[in-house]
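Asker: Prediction below, plus the sequence it came from.
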Amino acid sequence: MDSARRQTWYTLIFVALWLGACTDAPSASTPSDVSAQDSEIMVDAGPDAGLLDDASDDAGQLDGSVAPLDASSGDLQEVAEDTVAPQAYPLPVGVSLDAIVTIVDKGPWQSGAAVGQTKRAAQSADGKVATLGPVAGQVDELEGTLKGLVAALELQKVTYMLDAEGLHGVLSGKLIASPLNAALPTGVLTAALHVTAQGADDLWLVVGAQLCLYRAGKLFTIDAPGLNPTNAQLSFGGDVQGDKALWVAGQSGVHALRVDGAKVTSWHYLKDRIADAVHVDKQGRGRVLSQGEVLRRDEPGAWSTWTTEPQLQWVRGRHGDATFWAGGAGQLYRWEAGELHAIANLPKIVTFEDIESLGSILGLDAAGQLVSVATTPPPVQPKVTWKIDIEPIFINSCKLCHGADGVNTKLHTAKQWEDLYPKIISNVESGAMPLDPLPSLTPGEIALIKSWKKDGFSVAP
């Protein structure tokens, strides 16, 4: 063994022993059903040396606590979060956007996934896998096969392909099973999410009926009250008490989970529903697809229902992004600038596989070609102002009671609307205002008021 390789071995052994010493130290927290396991994820010790075995087979227990589901553990009381507003609002629909379709590779392929910023992975019907570079025709076939490509990612400067059995590192053109697989719970790996936001380097996995977290060389199995992650979908983002969280959509509704050291905090939403998909942006705005309905969560944590025609069948987005993709009845949609845009001029796409970080979505057409679909940007809308857009709504629907001479709260100036905006938007959305016999505001008028806030409550153009 040459000196460089020997030095690598010594360094790895030292790191493994140091990690074991740190994590096995006693904790003052109350023990719970959150367990930990030591495991190296993948080490390349050289062409002939193989993989380094697990650093330790006895990691002991990680002390942790699961917060109770009461008003102090969520951003609102549980009842307020679990009750969807009785009024359903039409989903804001914008103009159609043209599709920009690029053939990544002709294949034929059976599935595909995005890898990092510019690469893709694709699997053929015989289980063979290839990485596809940013340049057309740049295909590197890998030695080995997978049992269904679940995801692909870059972790610790190594590309990994994930299938039903676990993680497989790409080393010297070969697929090599990670030692981490032996530590995974029994079951099929169905979902994975790599989170790098806020300096994190976390890998979340759904294996069978278990949610797992790989962090800093440790594998944790996470349990929380009411959590059933079987076949769940994952998203990351959303402010819950001022911090980001992992969001899990599955058979037990929606959970938001945060792991800080040895403490696990859980929030349980929509627990009487089956959640098919969830997407949450950085501000905490969430969209949950549940049995054909789109449930919307705004920043403070209030839920309502969006109605769509036709019904959406899936919702997917990069964690934290304000935009997302959706599909239904053979149509592709993109949510951008507060509106859902249908994608026009789209060739026949059989399946949509993965979201790319560059604002495009991977798909497979009828011939098995891997394609990347982007869109033309939505048209820039003129800035909403009080004088041109909002004051006419006030005159037609509010002035009778709320004008300068009205008997109720004065709302005849832009500043008054800005100061009372939360109350105004709540009343017009719920239909509490305007009072009879005046008609309720239209969805377009409500959207205009929201756009006015977004544009900064401008008074004049």
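Answerer: Received it, and whenever you're ready, just let me know what you need. Quantities reported herein were computed from a predicted structural model and do not represent experimental measurements. Numbering: from 1, shown residues only.

Asker: residue ranges with poor pLDDT in the stretch 101-250 of the chain?
Answerer: Within the stretch 101-250 of the chain, the stretches with pLDDT under 70 are 135-136.

Asker: Report the beta-bridge partner residues of residue 222.
Answerer: According to DSSP bridges, the residues that bridge with residue 222 are residue 211.

Asker: give the contact list for it.
Answerer: Applying CB atoms under 8 Å, 6 or more residues apart in numbering to residue 222 gives the contacts 34, 211-213, 257, 259, 264. Placement of C-beta: from N, CA and C, glycine included.

Asker: What segments of the stretch 101-250 of the chain are helices?
Answerer: Counting by DSSP state H, counting those that start in this stretch, the segments of the stretch 101-250 of the chain that form helices are 180-183.

Asker: Show me the strands in it, by range?
Answerer: Listed in chain order, the strands of the stretch 101-250 of the chain (DSSP state E, counting those that start in this stretch) span 111-115, 119-123, 128-132, 139-145, 151-155, 158-163, 166-171, 174-177, 189-195, 202-207, 210-215, 218-222, 233-240, 243-250.

Asker: could I get those strands as JSON lines with distance to residue 279?
Answerer: Shown next, in JSON lines, are those (distance: least, CB to CB, whole Å):
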{"stretch": "strand 111-115", "distance to residue 279": "16"}
{"stretch": "strand 119-123", "distance to residue 279": "21"}
{"stretch": "strand 128-132", "distance to residue 279": "26"}
{"stretch": "strand 139-145", "distance to residue 279": "31"}
{"stretch": "strand 151-155", "distance to residue 279": "16"}
{"stretch": "strand 158-163", "distance to residue 279": "20"}
{"stretch": "strand 166-171", "distance to residue 279": "25"}
{"stretch": "strand 174-177", "distance to residue 279": "30"}
{"stretch": "strand 189-195", "distance to residue 279": "12"}
{"stretch": "strand 202-207", "distance to residue 279": "15"}
{"stretch": "strand 210-215", "distance to residue 279": "18"}
{"stretch": "strand 218-222", "distance to residue 279": "21"}
{"stretch": "strand 233-240", "distance to residue 279": "5"}
{"stretch": "strand 243-250", "distance to residue 279": "8"}
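
Asker: do you know which of those strands lies nearest residue 376?
Answerer: Closest approach to residue 376 among the strands of the stretch 101-250 of the chain (CB to CB): strand 111-115, 21.1 Å.

Asker: next one: that closest one to chain centre, how far?
Answerer: Between the centre of strand 111-115 and the centre of its chain there are 17 Å (CA atoms, centre = their mean, to the nearest Å).

Asker: Quick one: residues in contact with that strand.
Answerer: 104, 120-123, 131, 148-154, 159, 351, 353-357, 362-364, 370.

Asker: For those, which ChimeraX command selects only the ones that are buried?
Answerer: Here is the ChimeraX command that selects the buried residues among those (16 or more other CB atoms under 10 Å):
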select :104,120,121,122,123,131,149,150,151,152,153,159,353,354,355,356,362,363,364,370
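
Asker: dump the residue contacts of residue 143.
Answerer: Applying CB under 8 Å, 6+ apart to residue 143 gives the contacts 173-175.

Asker: Scan these and report the most crowded one.
Answerer: Using other CB atoms under 10 Å as the neighbour test, the contacts of residue 143 are led by residue 175, with 18 neighbours.
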